[in-house]
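Visitor: Fold the following for me, if possible:
(one chain, ligands or ions: 2)
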Amino acid sequence: MDATREKKIGSDNSVLYPVFMNLRGRRCVVVGAGGVASRKARRLLQAQAEVVVVAPEVSPELEGIAHEVRRRPYRTGDLEGAFIAFAATGSREVNEAVAREGRRLGVPVNVADDPGGGDFALPSALRRGRLQVAVSTGGASPALAREIRGRLEGLFGPEWAGIVEELWRARRDGRAPDERLQEEVSRCLSRLRA
Ligand SMILES: C[C@@]1(CC(=O)O)C2=NC(=C\c3[nH]c(c(CCC(=O)O)c3CC(=O)O)Cc3[nH]c(c(CC(=O)O)c3CCC(=O)O)/C=C3\N/C(=C\2)[C@@H](CCC(=O)O)[C@]3(C)CC(=O)O)/[C@H]1CCC(=O)O
Ligand SMILES: NC(=O)c1ccc[n+]([C@@H]2O[C@H](COP(=O)([O-])OP(=O)(O)OC[C@H]3O[C@@H](n4cnc5c(N)ncnc54)[C@H](O)[C@@H]3O)[C@@H](O)[C@H]2O)c1
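Guide: Ligands and ions are numbered 1, 2, ... in the order given. Model prediction:
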């Protein structure tokens, strides 16, 4: 195995590299169609990715999300043309096979049942429009990440979506945020102090 590949999630003191990735129009292959695969596919849809689902049975919800459904077990070749992939079946062997194909093709793979086996892990994230706050424990405790995210939900009200949208518009148009907007940002920031 390639030495750079041996640095696995949680296996040493390195931390995962935090990144917000632009997946718009990118082909993302999701292998599996249970609760975990569906959660991942939902977020891919929000990112406007082109989702390909591979699984023997696919729920109507996933059918609605998927750009393409391959209604059968995974087979080698399914990752061809993928930008990234998700191994989220209930079978360790199948998930490992997906990870192997990813390594061969240079396609990064998220492996749902093995915090040490994947190329990237998903954070627990809250979303208010364009604003996202993401929490990761690097596979140490997904339950803790979810718990922390849950507490942050209460801190960030729905008003943040509008504020960040307005900031985005001003930035896009090359305008400085006006005084009213600046005051609103300050008010919301001061409410974040616990
Ligand atoms: C954050 C979140 C994002 C997402 O997936 O969207 C996420 N897991 C979430 C939920 C969740 N995970 C688990 C349960 C059921 C039990 C429980 O509650 O503990 C639930 C609850 C549920 O499913 O409701 C158990 C679990 N998770 C992993 C394993 C494998 C292992 O550790 O061996 C097992 C044991 C499986 C088993 O034995 O059955 C692995 C991973 N899970 C990760 C992310 C990555 C590390 C993130 C980090 O540590 O920061 C990583 C490494 C890979 C990845 O998937 O990227 C999402 C919360 C979303 C939210 O609600 O905000
Ligand atoms: N990362 C996480 O957040 C997290 C959370 C909970 C559980 N898990 C792990 O994720 C995995 C999936 O969990 P789940 O609750 O979605 O399971 P599930 O049993 O609901 O779903 C498994 C899916 O895999 C599909 N599948 C089985 N064999 C396949 C094959 N050969 N090719 C393609 N698809 C196949 C099934 O059709 C089904 O859709 C489990 O291994 C579990 O340990 C991960």
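Visitor: which residues does the residue positioned nearest the centre of the chain contact?
Guide: Closest to where the C-alpha atoms of the chain average out (C-alpha atoms, centre = their mean) is Leu122, at 4.8 Å. Residues near Leu122 by C-beta atoms under 8 Å, 6 or more residues apart in numbering: Lys40, Arg43, Asn110. Bear in mind the C-beta positions are built from the backbone N, C-alpha and C, glycine included.
Visitor: any chance you could map the strands in the chain?
Guide: 27-31, 50-54, 68-70, 84-87, 109-111, 124-128, 131-135 (DSSP state E).
Visitor: Please identify the deepest-packed of those.
Guide: strand 84-87 (a mean of 27; mean count of other C-beta atoms under 10 Å).
Visitor: any residues touching that one, and which ones?
Guide: The set of residues external to strand 84-87 that reach it, using C-beta under 8 Å, 6+ apart, is 21, 23, 26, 28-32, 37, 40, 79, 94-96, 98-99, 102, 107-113, 118, 120.
Visitor: Need the buried ones from these selected in PyMOL.
Guide: Filtering those down to the buried ones (16 or more other C-beta atoms under 10 Å) takes a single PyMOL command:
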select buried, resi 23+26+28+29+30+31+32+37+40+79+94+95+98+99+102+107+109+110+111+112+113+118
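Visitor: Near ligand 2, list only the ones from the contacts of strand 84-87.
Guide: Within the set of the contacts of strand 84-87, contact with ligand 2 (C-beta under 6 Å from any ligand atom) is found for Val31, Gly32, Ala37, Val94, Ala112, Asp113.
Visitor: I'd say the fifth one and Val36 touch.
Guide: Yes. A contact is recorded between Ala112 and Val36 when judged using C-beta atoms under 8 Å, the distance being 5.0 Å.
Visitor: Looking at the contacts of Leu122, which is nearest Val53?
Guide: Checking the contacts of Leu122 against Val53 with C-beta to C-beta, the nearest one is Lys40 at 10.2 Å.
Visitor: Just send the strands of the chain back as JSON lines, with mean pLDDT and distance to ligand 1 too.
Guide: Below are the strands of the chain laid out as JSON lines (pLDDT from 0 to 100; distance: least, C-beta to the nearest ligand atom, whole Å):
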{"stretch": "strand 27-31", "mean pLDDT": "98", "distance to ligand 1": "12"}
{"stretch": "strand 50-54", "mean pLDDT": "98", "distance to ligand 1": "15"}
{"stretch": "strand 68-70", "mean pLDDT": "98", "distance to ligand 1": "21"}
{"stretch": "strand 84-87", "mean pLDDT": "98", "distance to ligand 1": "8"}
{"stretch": "strand 109-111", "mean pLDDT": "97", "distance to ligand 1": "5"}
{"stretch": "strand 124-128", "mean pLDDT": "97", "distance to ligand 1": "3"}
{"stretch": "strand 131-135", "mean pLDDT": "98", "distance to ligand 1": "7"}
